[in-house]
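Novice: Based on what follows, work out the 3D shape:
(one chain, ligands or ions: 1)
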Amino acid sequence: MSSSLWRAAHLWLAIISSVFLLIASVTGAILSFEPIYQKAHNYHIDNADDLSISDVIDNISSVQGEVLNITRDKNGFVAVQSITSDTPFYVNPFSGEKIGDVIRTPEIFEFCRTLHRSLLLGQTGRFLIGLTSVVLLFIALSGFFLILKKQGGLSQYFSKVVKNDFYKDYHTRLSRWLILSVIVLGISGTYLFLERFNVVLVPTLDHQVNETALTDGPAEPIATFTTFNTILLGDLREINFPFADFPDEYYELKLRDKELLVNQFNGEVLSEVSYPIVQLIYQISFNLHTGEGTTIWAAILGLTGIGTLFFIYSGFKIFLKRDRSKIVNPFSKDDCSMVILVGSEQGSTMRFAKALQAGLLKSKAKVYLTSLNNYEAYQSIEHLFILTSTYGVGEAPASADKFFQKLADKRQPRSYGYSVLGFGSKAYPDFCQYAIEVDLKMQQVAEAKPLLPLYKVNEESKPEFMTWLGAIGQVLHQKITINDKDLAAAKKKQLSFKVSQKQDSQNNADQTFYLELKTSKKTLKDYRSGDLLEITPPDETRERLYSMSVDHEKSTIGLSIRKHEAGICSTFLGDQISGNKLYGRLKSNPEFHFPKEAPGVILIANGTGIAPYLGMLAESSLSQHVSLFWGGQNKASYQLYESRINEALANGKLNRVYTAFSRENGTKEYVQDAIAKELDNITTALNQGYVVMICGGLNMQKAVENKLDAHLKSSSGISVETLKTRNQIKADCY
Ligand SMILES: Cc1cc2nc3c(=O)[nH]c(=O)nc-3n(C[C@H](O)[C@H](O)[C@H](O)COP(=O)(O)O)c2cc1C
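Specialist: The predicted structure follows:
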C-alpha cells in the first residue's frame with residue numbers, strides 16, 4: 001500500500017469518526033481521573049497483599065462478626081459486606097477494623113461513563129462507539145506507518161521533525177509519543193466491543209461439584225484450611241461466604257486467574273476452574289482501557305485523550321489547509337506504460353500535468369505521474385512525457401533540480417518514446433531554457449526515442465498546450481480529452497481594492513508606474529511590507545505576484561510596476577485610473593519582512609524592487625542604521641520614489657542613499673557597481689549583525705551576491721550562503 005493510500009485511509013477514517021472520537025476523547029480524558037481520584041483516598045494498607053486469606057478472614061470476622069462477602073479491588077482496597085452493615089465498607093486486613101465507607105462514584109464519572117460507553121443511545125450507541133474503537137485502531141496504525149515514512153524508518157523515529165507548518169509538525173511530534181497508547185486503546189476497545197456483541201464468546205464457568213460426596217460438620221477452624229493458608233490476599237478478587245451451615249453452601253473464591261468452591265467445614269476444594277483465555281484477555285483489555293488500579297497508566301490515558309483532541313483539531317486544520325495539488329496515482333509505477341514527469345515551482349505546470357494524467361486515465365491508459373526529481377526505473381514504460389517550467393535565470397524549478405543526476409544514474413529497462421513540453425514566460429530572456437536542456441539531455445539517452453520535437457507554452461497558454469496535446473494524440477493514435485475544470489486554477493476568494501493613486505515615471509523609457517491601492521484596515525491587519533499582492537487579470541487563469549509596501553495608517557498598499565510588452569497583468573494594471581476597483585489576494589511572505597531586531601539594515605534594489613522598501617522605511621527604528629542602494633536608468637527614473645525617500649531621510653528612518661544609474665550622462669553604473677565600492681563597509685556591517693535585503697531582478701541579485709560572496713570569503717571566510725541560512729541576507733527577486 002502506497003503512502004498516499006495510507007494517508008487517504010488515515011484522513012477519511014478520522015473524518016468519518018470525528019464526532020464519536022471527540023466524545024470518546026473528552027469523556028475518556030475525564031474518566032481517566034477516576035482511578036486517580038480513587039487512589040487518592042488511599043485505603044490501601046501496605047504489605048496486606050502478603051497476608052493469607054485465612055488470616056484476612058480471621059482478622060475481619062473477629063471484629064466485624066458474620067461476614068457475607070470480602071472483595072479486594074484493583075487499588076488493593078479491601079471491602080467487606082457484613083450481616084450487620086447496610087453498605088460495604090473498607091477494612092484494614094491486619095486489624096479487621098473499618099477504615100472508611102466504600103467510595104461513591106461522583107456523578108460526573110457516572111455520566112461520562114454512560115456517554116463513553118453508549119453515547120446515551122443504549123445498544124445502538126454501544127455499537128457505534130465500539131466501531132469507533134476499531135476505526136481508532138486503523139487510524140493509529142496508518143498514523144504509525146505515516147510517521148515511519150516521514151521520519152525515514154524506525155531507527156529515525158525520534159529524529160528531528162522537518163519544519164513545515166505548526167499543525168503538521170505538532171501532529172507528528174505528539175503522535176510519536178502517544179501513538180502507542182492510542183493503539184493500546186484501539187485494540188482494547190475493539191476487544192471489549194467484540195466481547196459485548198458476542199463476537200468473542202466468554203464461556204460461563206462450569207463448576208462440577210459432586211453433591212453426593214459432600215461432607216458436613218464438625219466445622220474445623222479456617223486456620224487449618226490449607227487452601228486458605230496458601231492463597232494470598234494479593235491474588236484475591238472476591239470471597240462469597242456460605243449463607244448457612246449446609247454442605248451445599250460453600251465458599252466461592254474468585255482469584256486473579258481462576259475460581260474455587262471450597263467446603264465450609266473442612267476447607268476441601270470442591271471445584272477449581274481456571275478462567276478461559278478470552279476472559280483473561282477481557283480483563284487485561286478492560287484494565288488497559290480504563291487504567292483502573294494504575295495511576296501512571298491512567299494518567300497516560302488521560303494525556304492520550306487530551307492528545308487525541310489535539311489530533312482531531314490539528315488534523316482538521318491540516319485537512320483544510322491541504323495541498324489540493326497532491327498527486328494521486330491509481331496504479332503503481334511499474335504497472336504503468338505511460339509516465340508523466342513534472343518540473344514545477346509554483347504548481348501551474350503540475351496542474352497541466354494532472355489534467356493530462358486525468359485525460360489519459362479516461363482513455364484507460366495506465367499512467368504514473370511524479371516529479372522529475374523522483375525519476376527512477378519504470379518496468380512497463382512505453383511513453384514518457386516531461387512537462388517542466390523554468391525558474392531563476394533559465395534554471396530548473398525546485399522539483400527538477402536533481403533530474404539530470406538521476407537520469408544519468410538510472411536506466412529504463414526498455415526503449416520508450418518521449419516528448420518534452422516546456423512552460424515558461426517570454427518576459428524572461430531564457431524562455432523555456434530548462435525544458436530546452438531537458439530535451440537535449442533526452443536526445444542523448446539511448447533507450448529514449450523522440451515522439452515529437454520540443455513544444456513550448458508561454459504564460460500557461462491553454463491553446464498552446466492543446467496544440468501539443470493534439471500532436472501527442474496523433475502520435476499515440478488516440479484522442480485525449482481534457483476537462484477544462486482540471487486546467488483552471490482553483491478559484492480563490494478575492495479582496496477588493498480601490499486605486500487611490502497612479503503615478504507614472506518621468507522617464508518614459510522606464511515604462512514604470514507607482515500604484516497605490518486602498519482597502520480596509522482589517523484587511524491589512526496581518527500584513528507587512530514585503531508581503532505580496534496576487535492579481536489575476538479578468539479572463540485570465542494565471543495570477544501574478546507583486547511585492548508591496550503597506551501603510552497601516554492610510555490603509556493602503558503601494559506597488560511599483562514595469563509594463564512588459566507581452567505582459568497581460570502589467571498592461572491591465574497600467575490601464576487603471578484613480579477610483580477604479582481591483583480584485584486580488586494578499587499573501588504573507590515572512591522571509592522578506594523588515595528585521596526590526598537588527599542593529600542596521602542594508603536595502604538593495606533595482607527598478608521596481610524598491611516597492612516593499614518604501615513601506616519598510618516606516619518600520620525602522622531611530623536606533624537602527626538603514627541605508628538604501630538603488631539602481632535605475634537615470635535620475636528621472638528615481639523621481640518616482642524620491643519624495644518618499646527624502647521624507648524617510650528627513651525623519652531619520654533612513655540614514656544613507658546610494659544610487660546607480662545605467663543611462664545618465666553617458667555613465668553606466670549598476671547597483672552592483674555601487675555595492676562594489678562599499679564592500680568593506682558592508683562586510684563590517686554584516687560582522688556587526690546587520691541584515692542585507694535584496695529585491696529586484698534575478699540578474700542583479702546574482703551580480704550583487706557574487707560581489708559580496710567573493711569579498712566576504714576573502715575578508716572574513718564566510719559565504720553568502722551561510723549568511724542566508726542565518727537570515728542575515730534575505731532576497732526576493734523575480
Ligand atoms: C522568479 C521567476 C523566474 C522565472 N524565470 C523564467 C525563465 O528564466 N524562463 C522562462 O521561460 N520562464 C521563467 N519564469 C516563468 C515560469 O517558468 C512560468 O511562470 C511557469 O508557467 C511557472 O510554472 P510553475 O508554476 O509550474 O512553476 C520565471 C518565473 C518566476 C516567478
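Novice: Check whether the lowest-mean-pLDDT helix or strand in the chain comes near the ligand.
Specialist: The weakest-scoring helix or strand in the chain, judged by mean pLDDT, DSSP states H and E, is helix 484-487 (a mean of 80). No - using C-beta under 6 Å from any ligand atom, we find that helix 484-487 stays clear of the ligand, coming within 12.8 Å at best. Yep, even glycine has a C-beta here, placed from its N, CA and C like the rest.
Novice: any idea which helix or strand comes after that helix?
Specialist: Where DSSP states H and E defines the elements, the next helix or strand beyond helix 484-487 is strand 495-504.
Novice: Check which helices and strands that next one sits against.
Specialist: The contact analysis (3 or more C-beta pairs under 8 Å, 6 or more residues apart in numbering; DSSP states H and E) places strand 495-504 against strand 512-518, strand 581-587.
Novice: which stretch in those has the least confidence?
Specialist: Among those, strand 581-587 has the lowest mean pLDDT, at a mean of 91.
Novice: what residues does it touch?
Specialist: For strand 581-587, contacts defined as C-beta atoms under 8 Å, 6 or more residues apart in numbering pick out 492-499, 517, 523-524, 527, 531-536, 543, 545, 573, 576.
Novice: can you pull the buried residues of it?
Specialist: Neighbour-count burial for strand 581-587, counted by 16 or more other C-beta atoms under 10 Å, picks out Leu582, Gly584, Leu586.
Novice: Closest to the ligand out of the residues you listed?
Specialist: When the buried residues of strand 581-587 are ranked by distance to the ligand (C-beta to the nearest ligand atom), Gly584 comes first, at 16.7 Å.
Novice: Quick check: closest non-adjacent residue to the residue nearest in space to the middle of the chain.
Specialist: Nearest residue to the geometric centre of the chain (C-alpha atoms, centre = their mean): Lys168, 1.9 Å. Of all residues beyond its chain neighbours, the one nearest Lys168 is Ile318 (5.7 Å), with distances taken as C-beta to C-beta, 6 or more residues apart in numbering.
Novice: what are the ranges of the strands in the stretch 51-200 of the chain?
Specialist: 67-72, 78-82, 89-91, 98-101 (DSSP state E, counting those that start in this stretch).
Novice: Which parts of the stretch 351-500 of the chain are strands?
Specialist: For the stretch 351-500 of the chain, applying DSSP E, counting those that start in this stretch gives strands covering 367-371, 383-389, 416-424, 448-450, 455-458, 495-504.
Novice: Same check on the stretch 551-700 of the chain?
Specialist: 556-562, 581-587, 600-606, 625-632, 656-661, 691-696.
Novice: and the second one with strand 556-562, angle?
Specialist: For the pair strand 581-587 and strand 556-562, the angle between their directions (axes from the mean of the first three to the mean of the last three C-alpha atoms, to 10 degrees) equals 100 degrees.
Novice: Flag the shaky bits of the stretch 251-400 of the chain, pLDDT-wise.
Specialist: 322-325 (pLDDT under 70).
Novice: Spit out the contact partners of the residue in the chain that the ligand sits nearest to.
Specialist: Nearest residue of the chain to the ligand, counting by C-beta to the nearest ligand atom: Gly424, 2.2 Å away. Shown in contact with Gly424 (C-beta under 8 Å, 6+ apart): Ser389, Thr390, Asp430, Phe431, Cys432, Gln433, Ala435, Lys456, Val457, Asn458.
Novice: Run through the bridge partners of it.
Specialist: In this entry, Gly424 is beta-bridged to Asn458, by DSSP bridges.
Novice: show me the contacts for the residue lying closest to Gly574 once chain neighbours are set aside.
Specialist: Spatial nearest neighbour of Gly574, chain neighbours left out: Lys563 (4.8 Å); criterion: C-beta to C-beta, 6+ apart. For Lys563, the contacting residues are Gln511, Thr512, Phe513, Ser570, Thr571, Gly574, by C-beta under 8 Å, 6+ apart.
Novice: Quick check: residues of the stretch 201-350 of the chain near the ligand?
Specialist: Remark: the part of the stretch 201-350 of the chain in contact with the ligand comprises Ser344, Glu345, Gln346, Gly347, Ser348, Thr349, Met350, using C-beta under 6 Å from any ligand atom.
Novice: Put the buried members of the residues you listed into a PyMOL selection.
Specialist: Remark: buried members of those, expressed as a PyMOL selection using 16+ other C-beta under 10 Å:
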select buried, resi 344+345+348+349+350
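Novice: Sort out for me which of the residues of the stretch 201-350 of the chain next to the ligand are in strands.
Specialist: Assigned to strands by DSSP state E, none of these qualify.
Novice: closest to Ser549 among the residues of the stretch 201-350 of the chain next to the ligand?
Specialist: Gln346 (22.9 Å; C-beta to C-beta).
Novice: for that closest one, what are its contacts?
Specialist: Ser389.
Novice: so what pLDDT did the residue nearest to Gly574 get?
Specialist: At Lys563, pLDDT is 90.
Novice: One more: Leu137?
Specialist: We have a pLDDT of 97 for Leu137.
Novice: pretty sure it contacts Val184?
Specialist: No - the criterion here is C-beta atoms under 8 Å, and Leu137 misses it with Val184 at 9.6 Å.
Novice: can you list the domains in this protein?
Specialist: 3-38+108-185+291-318, 51-102+204-275, 338-487, 495-592, 600-733 (the TED database).
Novice: Hmm, Arg126 is touching Gly189, no?
Specialist: No - with contact defined as C-beta under 8 Å, Arg126 does not count as touching Gly189 (11.5 Å).
Novice: out of these two, which sits in the busier spot?
Specialist: Set Arg126 next to Gly189 and count neighbours by other C-beta atoms under 10 Å: Gly189 wins out with 24 against 17.
Novice: In contact with the closest residue to the more buried one other than its chain neighbours, which residues?
Specialist: Distances taken as C-beta to C-beta, 6+ apart place Ser133 nearest to Gly189, at 2.8 Å, with adjacent residues excluded. Counting by C-beta under 8 Å, 6+ apart, Ser133 touches Leu185, Gly186, Ser188, Gly189, Thr190, Leu192, Phe193.
Novice: hmm, back to that, could you dump the buried residues of strand 581-587 to JSON lines with distance to the ligand?
Specialist: Formatted as JSON lines, the buried residues of strand 581-587 follow (distance: C-beta to the nearest ligand atom, whole Å):
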{"residue": "Leu582", "distance to the ligand": "21"}
{"residue": "Gly584", "distance to the ligand": "17"}
{"residue": "Leu586", "distance to the ligand": "18"}
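Novice: All set now, cheers.
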